[in-house]
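1. Structure, please.
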Amino acid sequence: MKIFISDPVDEQCVDLLKQEGFAVVYQPGLDAGNLKSALADADALIVRSQTKVTAGILESAKKLKVVGRAGAGVDNIDVDAATRKGVVVMNTPGGNTISTAEHTLSMMFALARNIPQANQSLREGKWDRKKFTGTELNGKLVGLIGLGRVGSEVAKRCLAFGMDVIAYDPLVSSESAAKLGVRLAELPEIFQTADIISVHSPLTAETRNLINAKTLAQCKKGVRIINCARGGIVHEKDLLQALESEQVAAAALDVFEQEPPADHSLIRHPHVVSTPHLGASTEEAQEKVAIQIAHQIADFLLGRGVSGSVNGDIVRYTFRKEFHPYFTLVERMGKLLSQLKNGVLRSVVLTVNGAYLHELTSLLGAAFFKGVFSDVLTEPINYINALAIAKDRGISVSLQQADDHVLYANVISVSYETTKEQRSFAGTVFGTSDERLIAMDGFHLDIRPQGILLLYSNVDRPGMLARVSALLAQAQINIGGLSLGRYPGHARALTIIALDDLPPAHVLENIAKEEGISDLHLITL
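-> Residues are numbered from 1 along each chain as shown. All right, here's what the predicted structure looks like:
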């Protein structure tokens, strides 16, 4: 079998694959046209971040069985297209965790002791000791935004240097954090109390520009900001202004909104330390991921097992199109929970009702947690690791089967508990492809779980819906669908409205102020 490697990797990757008996072609730097030709008879493709594995590339590779990414992210691979073709996509999550954590600590020390600035000054023939007086890290309070793999390793190292650590992560239980010696905190406390704030979260709609003029103004004067996670989490112009006003004492950036940056104003600031996205760029990390992907590819092609797969389990069902709507449904239900929940998630019970779906129980559970985690974690979430990640984060997971639903033959029900609430909802598929949300908190519903949904509880009396509709109409927001959950004589009802556009913040505020309306949520699926 032939394995094609299209990006630079450590030579051990090539050596290991040849030792396994594969024909290895190592030819990095091909353009898309030549890559298509090269892959015509390839059984496997190994890439890093440079090669873009598009649907067109995959379509031309008729014999391709697996694509391996020597690294964590798979943004450069069209995973959906690969899945549709039955091609397994695998990555090497965790291979660069230590390197990124150590880079964060390097940045922290550089900020505290002005090392880059002092080095440059000395190179210029100066001996200016007073100008570069630093500060000790011992005893400082570090606020981590994100306590996943990298965040946890950063926390361990900060604690070893005598620092106190608090962290914000809505998917980590206080017990899991306590095992690390970390106390969980809400974002306002981190902004208001931390001496150093370090970001370790993914770039999502919620985290984009999370560090901005407003949040920086809440911080202690002289705070230090570090971002080795994703560009775009820190609003660069706001950070520059905060540095110029001395609200922020210094900042360290390894990632940027645009890479390479077009505007160097922030990078040139005398109190900024910057590196060109080097978090994973160590010999050890590149060696680890090269060796790891070689073993994973060899094991898969030689029938020894599948590991690190992004889509491995679901490939078995790729050509059984009747199951696709259920995967879509349950992943959207996971996204619903992620946006709906209040408090830290403690436990989830997912019940698959209907013998037709019983063989998919474990996979549906994985798809659900893929939906829960996909927009809030930096690490790649897939059908292989989603359930394990839930367990690692202290979430109790129970996957159950039943065959006794009163109204529908095939239903997926979810009940969950957080530190602040208990809720439940259920969904099914009408016909062959019409996903529906059919219940929530005991109320019967009928609405498609897709697009923009406005969800709220209201007093069950005439005129409530009209008042909300009027506010939406004034903002030129069209209603695309509606479901009312109510019981005769019940004091409250549940309303879900499908919207064509996102309503402005002031419209949501006005709706929330309406008498009789509570628990307002804007959900995007």
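2. Break the protein into its domains for me.
-> 2-93+285-310, 97-274, 320-447, 451-525 (automatic domain parsing).
3. CSV for those domains, including mean neighbour count and mean pLDDT?
-> C-betas here are computed from N, CA, C, even on glycine. Supplementary listing: the domains of the chain in CSV, determined by neighbours: other C-beta atoms under 10 Å; pLDDT from 0 to 100:
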stretch, mean neighbour count, mean pLDDT
domain 2-93+285-310, 19, 91
domain 97-274, 18, 94
domain 320-447, 19, 89
domain 451-525, 15, 92
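4. right, and the secondary structure at Ala435 would be what?
-> Slight slip there: residue 435 is Glu, not Ala. Secondary structure, DSSP: H, G, I helix; E, B strand; the rest coil: Glu435 is strand.
5. Show me the beta-bridge partners of it.
-> For Glu435, the beta-bridge partners are Val429 (DSSP bridges).
6. Show the contacting residues for it.
-> 325, 328-329, 332, 427-429, 448-450 (C-beta atoms under 8 Å, 6 or more residues apart in numbering).
7. So which of the residues you listed are in strands?
-> Using DSSP state E, 427-429 are the members of those that sit in strands.
8. could you dump these to CSV with distance to Ala70?
-> Formatted as CSV, those follow (distance: C-beta to C-beta, whole Å):
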residue, distance to Ala70
Gly427, 38
Thr428, 41
Val429, 38
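9. Looking at those, spot the one nearest Gly33.
-> Using C-beta to C-beta, Val429 is the member of the ones in strands among the contacts of Glu435 that lies nearest Gly33, at 41.3 Å.
10. Kindly provide the distance from that closest one to Leu364.
-> Separation of Val429 from Leu364 (C-beta to C-beta, to the nearest Å) stands at 12 Å.
11. now swap in Ala251 and tell me
-> Distance of Ala251 to Leu364, computed by C-beta to C-beta: 44 Å.
12. just checking, Gln450 touches Arg332?
-> Yes: between Gln450 and Arg332 there is a contact under C-beta atoms under 8 Å: 6.7 Å.
13. who touches both of these two?
-> Here Gln450 and Arg332 have 435, 525 as joint contacts, going by C-beta under 8 Å, 6+ apart.
14. Ser201 versus the residue nearest the centre of the chain, what's the distance?
-> Central residue of the chain (C-alpha atoms, centre = their mean): Leu377, 3.1 Å from the mean position. From Leu377 across to Ser201, the span is 8 Å (C-beta to C-beta).
15. which residues do the two both contact?
-> Counting by C-beta under 8 Å, 6+ apart, the shared contacts of Leu377 and Ser201 are Gly148.
16. now for stretch 129-149, what's the gap between its first and last residues?
-> End-to-end distance for stretch 129-149: 38 Å, by C-alpha to C-alpha, to the nearest Å.
17. And the contacts of the top helix by length along the chain?
-> If you go by DSSP state H, the chain has its longest helix at helix 283-301. With contact meaning C-beta under 8 Å, 6+ apart, helix 283-301 is reached by 1, 3, 9-10, 12-13, 16-17, 20, 22, 43-44, 46, 65-66, 68-71, 88, 90-92, 95-96, 98-99, 280, 304-309.
18. Counting only strands, which of the residues you listed make the cut?
-> Using DSSP E, those in strands are 3, 44, 46, 66, 68-69, 88, 90.
19. just those now: which is nearest Glu515?
-> Out of the ones in strands among the contacts of helix 283-301, the member with the shortest distance to Glu515 (by C-beta to C-beta) is Arg69, at 53.4 Å.
20. give the contact list for that closest one.
-> Per C-beta under 8 Å, 6+ apart, neighbours of Arg69: 46-48, 76-77, 89-92, 293.
21. redo that, cut-off 10 Å
-> Shown in contact with Arg69 (C-beta atoms under 10 Å, 6 or more residues apart in numbering): 7, 45-49, 51, 53, 75-77, 89-93, 289, 293, 308, 310, 380.
22. From Gln19, how far out is it?
-> 22 Å.
23. what does Thr207 give?
-> To Gln19, Thr207 is 43 Å away according to C-beta to C-beta.
24. for Val372, same thing?
-> With the distance defined as C-beta to C-beta, Val372 ends up 40 Å from Gln19.
25. And Ala82, by the same measure?
-> Ala82 is 27 Å from Gln19, by C-beta to C-beta.
26. same deal with Ser398?
-> 44 Å.
27. Check Leu465 too.
-> 69 Å.
28. Equivalent analysis for Val459, please.
-> To Gln19, Val459 is 71 Å away according to C-beta to C-beta.
29. swap in Gly463?
-> Look at Gly463 and Gln19: by C-beta to C-beta, they are 75 Å apart.
30. what's the answer for Ile166, then?
-> Counting by C-beta to C-beta, the gap from Ile166 to Gln19 is 48 Å.
31. now Arg224
-> As defined by C-beta to C-beta, Arg224 lies at a distance of 48 Å from Gln19.
32. can you check Ile412 too?
-> Applying C-beta to C-beta to Ile412 and Gln19 gives a distance of 46 Å.
33. What ranges does the stretch 351-500 of the chain have for its helices?
-> All helices of the stretch 351-500 of the chain, identified by DSSP state H, counting those that start in this stretch, fall at 361-373, 386-392, 464-474.
34. Show me the one of those helices that comes nearest Tyr487.
-> helix 464-474 (15.3 Å).
35. Alpha carbons of the closest one, as CSV, please.
-> Taking C-alpha atoms only, helix 464-474 is exported to CSV below (Å, rounded to 0.1, in the frame of the first residue of the first chain):
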residue,chain,number,x,y,z
MET,A,464,-48.1,37.2,25.8
LEU,A,465,-47.1,36.0,22.3
ALA,A,466,-48.5,39.2,20.7
ARG,A,467,-46.3,41.4,22.8
VAL,A,468,-43.1,39.4,21.9
SER,A,469,-44.1,39.3,18.2
ALA,A,470,-44.6,43.1,18.2
LEU,A,471,-41.1,43.7,19.6
LEU,A,472,-39.7,41.4,16.9
ALA,A,473,-41.7,43.1,14.2
GLN,A,474,-40.5,46.5,15.2
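36. Centre of the chain to that helix, how far?
-> Distance, stretch centre to chain centre, for helix 464-474: 34 Å (C-alpha atoms, centre = their mean, to the nearest Å).
37. Could you do stretch 83-91 as well?
-> Taking the mean of its C-alpha atoms, stretch 83-91 sits 20 Å from the chain's own mean (C-alpha atoms, centre = their mean).
38. Same question for stretch 321-334.
-> With C-alpha atoms, centre = their mean, you get 19 Å for stretch 321-334.
39. what's the answer for stretch 335-354, then?
-> The answer for stretch 335-354 is 17 Å, by C-alpha atoms, centre = their mean.
40. Find the nearest non-adjacent residue to Glu153, please.
-> Ala101 (3.6 Å; C-beta to C-beta, 6 or more residues apart in numbering).
41. Same check on Gly365?
-> Leu399 (4.5 Å).
42. Spell out which residues sit in contact with that neighbour, please.
-> Residues near Leu399 by C-beta under 10 Å, 6+ apart: 348-352, 361-366, 368, 387.
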